[in-house]
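>>> This is a predicted model, with the sequence first.
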Amino acid sequence: MSVEPLQTSTVPYGELVPVTVHFDDLDALGMLHNSRYPLLAERAWSEYWHGQGFTFDGDWAAAGDMCNVIKEMKVSYERPITRPGRYAAHLWVERLGRTGLTYGFRLCSADGTETYAQGHRVLVRVDAQTLRPTPWSDRARAIADRLLRPEAADAGTEAGTEAGTEAGTETGTEAEAA
């Protein structure tokens, strides 16, 4: 199943992807449980990439760009979600390296105007056999380039950063730590 990004003019970059908060996602205080925020962001990213034709059917050797590990994740909780219903995940790319990718996200109102939580996650593309960092495909890079936050794209160009120089990607420490 593919979920179409929400059509809205409230986000100047990236994509708004619909997410649903269910009654059983709420904790005893009637707020979205803290562990659900990153889960909703992860599900939104999965839907986005699946909608772009990237799939995983259980075969890591054939997974290609879907064979990646998490190096880091950070979430800041801004205000509680206190009701089940339709919300959105605002998704964008902060940095695209040779083997690493940092994406940003906001869990927000369906129209993108209210922020409940925000954060980022660093992924490293790994070879299924060796679990060592390996470059993203040209196809994945092209899609990620479209999601680059404008300031991030400008900073990468100005700084002359080359993908793959992100912390640890050349040594493989993130693949070993995952």
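Now that the structure is in, tell me what you want to look at.
>>> burial count for residue 88?
26 (other C-beta atoms under 10 Å). Every C-beta, even on glycine, is put in place using the N, C-alpha and C of the backbone.
>>> again but with residue 20, I slipped
12.
>>> swap in residue 23?
Residue 23, neighbours per other C-beta under 10 Å, totals 9.
>>> Go ahead and confirm it touches residue 84.
Yes. Between residue 23 and residue 84 there is a contact at 4.7 Å, judged by C-beta atoms under 8 Å.
>>> which residues of this structure score low on pLDDT?
Applying pLDDT under 70 to the chain flags the ranges 1-9, 152-178.
>>> That one: strands as residue ranges?
Here the chain has its strands, by DSSP state E, at 15-21, 68-77, 85-96, 100-109, 115-125.
>>> Now the top helix by length along the chain: buried residues?
Across the chain, the longest stretch assigned as helix under DSSP state H is helix 36-51. Using 16 or more other C-beta atoms under 10 Å as the burial criterion, the residues of helix 36-51 that qualify are 36-38, 40-41, 43-49.
>>> To what extent is the residue found closest to residue 66 once you drop the neighbours it is linked to in the chain buried, counted in neighbours?
Spatial nearest neighbour of residue 66, excluding adjacent residues (C-beta to C-beta, 6 or more residues apart in numbering): residue 56 at 4.4 Å. Residue 56 has 15 neighbours, counted by other C-beta under 10 Å.
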